[in-house]
Structure formats: structure tokens, C-alpha cells
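Student: Sequence and predicted model, in that order:
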Amino acid sequence: MGKKMKFTVTIEDENGGTIVRSESERTVPYISDIEEQGFRAAFHDLETAVLESRKEASDVVVSEYLEHMSKKKQQQNQSKEMCSQ
């Protein structure tokens, strides 16, 4: 039976507060799986899980971060417009 691997990506501000966070979870081979499947097959499953999980979590964080930054920029522009009126 495999074990769970969690891959977490967090972007924090200068004070350590979380701006965006994403977590991806996959099942990875355990000792019994390595004995059953053989080392190469189990390693392939492990490597695939790591790469897929990393990509999923990274893609979500980048997308959410860009969205967050876009909203911040809109708010700054609105504040500038209000101050100049």
C-alpha cells in the first residue's frame, strides 16, 4: 500500500504572512510496492507523482499570485484616481 505525499507551495509577504498557498497530494510507492513492482517501476511511479504534484501546486500558486497582484494593482490605480480628483 502506498503512502501519501503532500507538496505545498506558499508565497509569503515580508512579514511571513501567506499571500497564496497551494497543496497537491499523491500516492507514492512504499516498501511493499517496491518489492511487488520492482525498483524501476516503483521509482517511475514515485518520480511521476513528484513531477505531477509539483507542477499542479506551482501552476495554481502562480495563477493565484498573478490574480492577487492584478487586484492589488487595480486597487492602487483606483486609489490614485480618487486622490487626484
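Tutor: Received the coordinates, thanks.

Student: Could you measure from residue 77 over to residue 69?
Tutor: Applying C-beta to C-beta, to the nearest Å, the value for residue 77 to residue 69 is 13 Å. For the C-beta atoms, the positions are set from N, CA and C on the backbone; glycine is no exception.

Student: now swap in residue 83 and tell me
Tutor: Plainly put, residue 83 is 21 Å away from residue 69 if you go by C-beta to C-beta.

Student: Looking at those two, which is more packed in?
Tutor: Per other C-beta atoms under 10 Å, whichever of residue 83 and residue 69 has more neighbours is residue 69, with 12 against 7.

Student: Spell out which helix or strand contains the more buried one, please.
Tutor: Per DSSP states H and E, residue 69 falls inside helix 39-84.

Student: Quick one: end-to-end length of stretch 19-38, please.
Tutor: The straight-line separation of the ends of stretch 19-38 (C-alpha to C-alpha, to the nearest Å) is 42 Å.

Student: Same check on stretch 19-37?
Tutor: With C-alpha to C-alpha as the measure, stretch 19-37 spans 41 Å from end to end.

Student: List the buried residues in that stretch.
Tutor: Residues 20, 22, 24, 26, 28-29, 33-34 are the ones in stretch 19-37 that count as buried (16 or more other C-beta atoms under 10 Å).

Student: for stretch 37-56, same thing?
Tutor: By 16+ other C-beta under 10 Å, the buried positions in stretch 37-56 come out as 42, 45-46, 49, 53, 56.
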